[in-house]
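Enquirer: Sequence and predicted structure, then a few things I'm wondering about:
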Amino acid sequence: MPTTLLFELSDGIARITVNRPDKLNALNATVLSELGDAITRVETDAAVRGVILTGAGSKAFVAGADIAELAKQRPLEGKARSLLGQQVFRRLERCGKPVIAAVNGFALGGGCELAMACHIRIASEQARFGQPEVKLGIGPGYGGTARLPRLVGRGRALELLLTGAMIDAAEAYRIGLVNRVVPADKLMEEAQTMLRGILENGPLAIQACLEAVDAGMEASLDQALLLEANHFGLLSSTADMREGTRAFVEKRKPVFKGV
Ligand code: COA
């Protein structure tokens, strides 16, 4: 049984809650390991169709890597910690099922990086974002220098990375770091409504979109377009595509089976 994570599955939606509220859900080695296990379940359990990731308590999503652990690390341990965290977050990003971060409070350092590894971010009005690592004399280790410029552009990313400044949810929305901002008491409802809407669509098509954007963003335009065309062709062989198009013609809701 995990000790630092809650994993609740209901109606195809896995709600994963980082659960160390007394330490503002900071990512220590146990959290990372248990997050890795939770991702394995997401990847392999067909009953899981989508994920909402959040933090326990009202104050923090995740306030970063555990600074008490960082304080003790030597260079090779630091590199290993960074590579491990990067690998866990990358697996989340490539799990093949939609993942929404419900950012309920501080998302700093590793917390901001974890939110960025999710496919969509919905923030409560109380959320705060930042990459304050430079204030500790270290840099981001879980993908901040790689994903932040991809999400918000190089100049804005460098401003956040170099100043270590914290921004509020409205500013995060303005620069494109989050998709939506909602009142705190509506956060989970909004995340669930969005995810349920996504899950009504063809699951193979959802998976193809996730893969095409993930691989396509790193490819040339021509390679990305070819990947899209290959998916388009492949999806045309599925029963779900027949069902989706037939349901439109017959003016009814499609029933997708993921085949
Ligand atoms: N790692 C380990 N412990 C952390 C933590 C982190 N990243 N962030 C917060 N905590 C712990 C605090 O040490 C404190 O523990 P204690 O009660 O045993 O002393 C507890 O969580 C509450 O935090 P506190 O600092 O008292 O809350 P606050 O409301 O005064 O401040 C923050 C909130 C987020 C501004 C502040 O906790 C903070 O700056 N955290 C570090 C953020 C950071 O630099 N993250 C990047 C790490 S690479």
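Expert: In hand now; what should we look at?
Enquirer: hey, where'd the helices end up in the stretch 51-200 of the chain?
Expert: In the stretch 51-200 of the chain, the segments counted as helices under DSSP state H, counting those that start in this stretch are 67-70, 75-93, 110-117, 144-152, 154-163, 169-174, 187-199.
Enquirer: Using PDB, write out the CA atom coordinates for the fifth one.
Expert: Going back to what we said before, that points to helix 154-163. What follows is helix 154-163, C-alpha atoms only, in PDB (Å, rounded to 0.1, in the frame of the first residue of the first chain):
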ATOM      1  CA  ARG A 154      11.700  30.900 -24.300                       C
ATOM      2  CA  GLY A 155      11.600  34.500 -23.000                       C
ATOM      3  CA  ARG A 156       8.800  33.900 -20.400                       C
ATOM      4  CA  ALA A 157      10.400  30.600 -19.400                       C
ATOM      5  CA  LEU A 158      13.800  32.200 -18.900                       C
ATOM      6  CA  GLU A 159      12.200  35.000 -16.800                       C
ATOM      7  CA  LEU A 160      10.600  32.400 -14.500                       C
ATOM      8  CA  LEU A 161      13.700  30.200 -14.400                       C
ATOM      9  CA  LEU A 162      16.200  33.000 -13.800                       C
ATOM     10  CA  THR A 163      14.200  35.100 -11.300                       C
END
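Enquirer: now check it, is it near the ligand?
Expert: No. Counting by CB under 6 Å from any ligand atom, the ligand is not contacted by helix 154-163; separation bottoms out at 12.1 Å. Bear in mind the C-beta positions are built from the backbone N, C-alpha and C, glycine included.
Enquirer: what angle separates that helix from helix 144-152?
Expert: Orientation of helix 154-163 against helix 144-152 (axes from the mean of the first three to the mean of the last three CA atoms, to 10 degrees) gives an angle of 140 degrees.
Enquirer: ok, back up a step: highest mean neighbour count out of the helices of the stretch 51-200 of the chain?
Expert: Stretch with highest mean neighbour count among the helices of the stretch 51-200 of the chain: helix 110-117 (a mean of 28; mean count of other CB atoms under 10 Å).
Enquirer: which residues are in contact with it?
Expert: 25-27, 53, 55, 60-65, 85, 89-90, 92-93, 101, 103, 107, 121, 129-131, 140-144, 147-148, 151, 177-178 (CB atoms under 8 Å, 6 or more residues apart in numbering).
Enquirer: now do stretch 219-227
Expert: 211-212, 215-217.
Enquirer: which of those count as buried?
Expert: Buried members of those, counted by 16 or more other CB atoms under 10 Å: 212, 216.
Enquirer: Going by residue numbers, what spans are strands in this structure?
Expert: 5-10, 13-18, 50-55, 60-62, 99-103, 106-108, 120-124, 128-130, 167-168, 180-182 (DSSP state E).
Enquirer: so what does the fifth one touch, helix or strand wise?
Expert: The helices and strands touching strand 99-103, judged by 3 or more CB pairs under 8 Å, 6 or more residues apart in numbering; DSSP states H and E, are strand 50-55, strand 60-62, helix 110-117, strand 120-124, helix 187-199.
Enquirer: coming back round to it: taking the contacts of stretch 219-227 one by one, which sit in helices?
Expert: Taking DSSP state H as the definition of helices, these contribute 211-212, 215-216.
Enquirer: Just flag the most distant two among those.
Expert: E211 and G216 (8.5 Å; CB to CB).
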